[in-house]
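Visitor: Okay, here's the prediction I keep looking at, along with the sequence it came from:
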Amino acid sequence: MKKKKKLTLLQKRSLTGYLFVLPWVVGFLVFYVRSLIMTGQFAFSNMTIDALKGGYTLDFAGLENIRYAFTVHPTFKQELTKSVMNMLIDVPLITFFSLFMAMLLNKKFPGRSVVRAIFFLPIILSSGAISEAMDLSMQMMNGGVATQAADTAATAGQAIAFDVEYLVGMFMSLGLPASILDYIVEAVARINDIIAASGVQIIIFIAALQSIPGSMYEVAKIEGATGYETFWKVTFPMVMPHIITNVVYTIVDSFTESTVVDLAYDVAFTQYNYGLSSVFSLVSTIITCVILVAICGFIQKRTFYYN
């Protein structure tokens with residue numbers, strides 16, 4: 001009788017990885033693939049809804065909806081370009097801001113748990129039920145606190161505008177290139193959005209930092225490495241796999257919050273043009289996937305995996 005061949009350590013780890021990914025694969029096949037196929041079908045068809053009998057009929061339209069989206073529709077190309085540019089700006093800013101904050105929050109200090117909760121609070125407050133409740137509460141408030149909040153927001157907006165102008169003048173005096181200056185101005189202008197969108201990424205980076213063996217830092221200290229050298233030679237390489245995770249999450253999150261998604265929703269459920277809406281969704285999804293593959297492929301080649 002043959003002995004049952006035992007799995008190697010590498011095979012066991014691979015099997016564990018497949019088991020972790022399996023629920024996502026099942027969910028993708030069950031819930032997403034069918035919707036993706038229908039979106040592609042709608043994009044090349046004109047839909048007619050039968051209000052009396054219910055249901056709908058599709059008439060093949062070829063590339064007409066795509067032609068209309070890129071040559072006739074007044075705002076699609078502008079919104080698509082704006083969404084892609086926002087994604088390319090936000091992803092590195094949110095990723096590195098999250099890593100920086102995670103390193104600070106990973107240090108021991110009084111009230112650390114409270115500070116961590118504060119950074120994750122925007123994620124909780126932006127959830128569907130709480131967001132709706134807050135919107136309803138604001139609508140029910142007449143004057144008073146609502147007016148005061150509006151005045152405060154206006155004053156804060158003026159202060160931010162002043163600070164941005166001051167920073168522009170300061171950086172121009174340093175002789176920075178226009179491209180770097182534009183990027184810095186964009187980063188400062190959207191600092192509130194960056195902080196609000198960094199909660200999940202900070203938690204992932206904190207988990208990554210806590211998984212780094214302390215012996216590595218001890219060796220670096222014995223060898224006389226500075227804090228700067230320790231970060232680039234120990235910390236950064238060890239969190240690289242988690243940078244990929246956060247980049248994927250941030251790109252997908254940026255895509256779902258983009259103005260193209262709002263435009264597609266409006267065209268579908270206000271104008272009832274499902275074919276054109278499907279084109280908007282399909283094009284933005286393809287562009288997002290291309291960006292996702294390109295960025296992750298670039299990072300993957302430079303990623304160190306510690307076993």
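Guide: Arrived safely, thanks for sending.
Visitor: going forward, measure contacts between C-alpha atoms and count neighbours the same way
Guide: OK.
Visitor: can you give me the strands in the stretch 51-200 of the chain?
Guide: Applying DSSP state E, counting those that start in this stretch to the stretch 51-200 of the chain gives strands spanning 56-60.
Visitor: so where is it shaky, pLDDT-wise?
Guide: Applying pLDDT under 70 to the stretch 51-200 of the chain picks out residues 119-190.
Visitor: That one: helices as residue ranges?
Guide: Using DSSP state H, counting those that start in this stretch, the helices of the stretch 51-200 of the chain run over 64-71, 76-105, 112-125, 128-140, 145-173, 178-189, 191-196, 199-210.
Visitor: Ignoring the adjacent residues along the chain, who's closest to Y68?
Guide: Among residues not flanking Y68 along the chain, L276 sits closest, at 7.9 Å (Cα to Cα, 6 or more residues apart in numbering).
Visitor: shouldn't that neighbour be in contact with I66?
Guide: Yes. Using Cα atoms under 8 Å, L276 is in contact with I66, at 7.4 Å.
Visitor: overlap in contacts of these two?
Guide: Jointly contacting L276 and I66 under the rule Cα atoms under 8 Å, 6 or more residues apart in numbering are A43.
Visitor: Of those two, which one has the most company?
Guide: Shown here are L276 and I66; by other Cα atoms under 10 Å, L276 has more neighbours (27 against 19).
Visitor: which residues does the more buried one contact?
Guide: Here L276 is in contact with A43, N65, I66, Y68, A69, A264, V267, A268 (Cα under 8 Å, 6+ apart).
Visitor: T303 too?
Guide: Residues in contact with T303 (Cα under 8 Å, 6+ apart) are P237, M240, P241.
Visitor: that's a strand at N46, yeah?
Guide: Yes. Per DSSP: H, G, I helix; E, B strand; the rest coil, N46 lies within a strand segment.
Visitor: what about it, distance to I287?
Guide: Computed with Cα to Cα, to the nearest Å, the distance linking N46 and I287 is 23 Å.
Visitor: just E79 next, same as before
Guide: 13 Å.
Visitor: More neighbours: which of these two?
Guide: Comparing E79 with I287 by other Cα under 10 Å, the one with more neighbours is E79, at 17 against 13.
Visitor: how about the nearest residue to that one, chain neighbours excluded?
Guide: With sequence-adjacent residues excluded and distances taken as Cα to Cα, 6+ apart, E79 is closest to V260, at 5.9 Å.
Visitor: I'd say that neighbour and K77 touch.
Guide: No. Checked against Cα under 8 Å, the pair V260 and K77 is beyond contact range at 9.3 Å.
Visitor: which of the two has more neighbours?
Guide: Higher neighbour count among V260 and K77: V260, with 26 against 16, using other Cα under 10 Å.
Visitor: tell me which element that one is part of?
Guide: Here V260, judged by DSSP states H and E, is contained in helix 259-269.
Visitor: Show the subsequent helix or strand relative to that helix.
Guide: Immediately after helix 259-269, counting by DSSP H and E, sits helix 274-300.
Visitor: quick one: buried residues of that following helix?
Guide: 274-285, 288, 291-292, 296, 299 (16 or more other Cα atoms under 10 Å).
Visitor: List the residues that contact the residue nearest the centre of the chain.
Guide: Nearest to the mean C-alpha position of the chain, by Cα atoms, centre = their mean, lies T250 at 2.2 Å. Counting by Cα under 8 Å, 6+ apart, T250 makes contact with V91, I94, T95.
Visitor: For it, report the pLDDT, please.
Guide: Note for T250: predicted pLDDT of 90.
Visitor: element containing it, please.
Guide: Using DSSP H and E, T250 falls in helix 236-256.
Visitor: Specify the angle between that helix and helix 259-269 in degrees.
Guide: Using axes from the mean of the first three to the mean of the last three Cα atoms, to 10 degrees, the direction of helix 236-256 lies 30 degrees away from that of helix 259-269.
Visitor: how far does helix 236-256 sit from the chain's center?
Guide: 8 Å (Cα atoms, centre = their mean, to the nearest Å).
Visitor: Go through that helix and flag the buried ones.
Guide: Neighbour-count burial for helix 236-256 [16+ other Cα under 10 Å]: 236-244, 246-252, 254-255.
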